[in-house]
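Chemist: Sharing a model that was predicted from the sequence below.
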Amino acid sequence: MSLIPSEALSNFENMIYLPMIIQILERDREVIETSSFKLRGPYINIVESALKIVRDELKETNSYARNNNLKLNKRGKDGRFTEYAFIHGGYEDIRRYLNVRLRNRTEELINVYFAMVEIPKN
């Protein structure tokens, strides 16, 4: 049984995934900018819009973490797992995530954020 409330757990997971998504989308934006796409603008607009949504969500997550004394420590990574310590209310909960699961969930979330982007109608 975890001594960390479910609301805090979702924020801990945001603290893991949102920075990864930002890093990936920033890298993708650079690739698009230097690629041979005929029309880069629409792709850059989608990535930029998704980045704004993710950054806003990360800002809310960080504020929640600060206000509720949540701390996330990345403890280590090997070929298969990444280990994190979730610290809340004097309790430390060690969680191990399969690297494949981290990658797959990050991809799922990028799809979610792309779906949230509003495409301007002409």
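Modeler: Nice, I can see it.

Chemist: Quick check on Asn14: phi, psi?
Modeler: Asn14 has phi and psi values of phi -60, psi -40 when expressed as degrees, to the nearest 10.

Chemist: thinking it is in contact with Glu57, fair?
Modeler: Yes - Asn14 lies in contact with Glu57 (C-beta atoms under 8 Å); the separation is 6.7 Å. C-betas here are computed from N, CA, C, even on glycine.

Chemist: Find the residue closest to the most centrally placed residue in the chain in space, skipping its chain neighbours.
Modeler: Per C-alpha atoms, centre = their mean, the C-alpha nearest to the average position across the chain is that of Leu18, at 1.6 Å. Of all residues not flanking Leu18 in the chain, Leu58 sits nearest, at 4.2 Å (C-beta to C-beta, 6 or more residues apart in numbering).

Chemist: I'd assumed Ile22 was in contact with that neighbour.
Modeler: Yes - under the criterion of C-beta under 8 Å, Leu58 makes contact with Ile22 at 6.9 Å.

Chemist: quick one: the strands in the chain?
Modeler: When secondary structure is read from DSSP state E, the chain shows strands at 71-77, 81-88, 91-98.

Chemist: want to try CSV for the ones you listed, with distance to Leu51 as columns?
Modeler: Compiled in CSV, those are given as follows (distance: least, C-beta to C-beta, whole Å):
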stretch, distance to Leu51
strand 71-77, 21
strand 81-88, 23
strand 91-98, 23
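
Chemist: ranking those by burial, who's on top?
Modeler: For these, ranked by mean neighbour count under the definition mean count of other C-beta atoms under 10 Å, the leader is strand 81-88 at a mean of 18.
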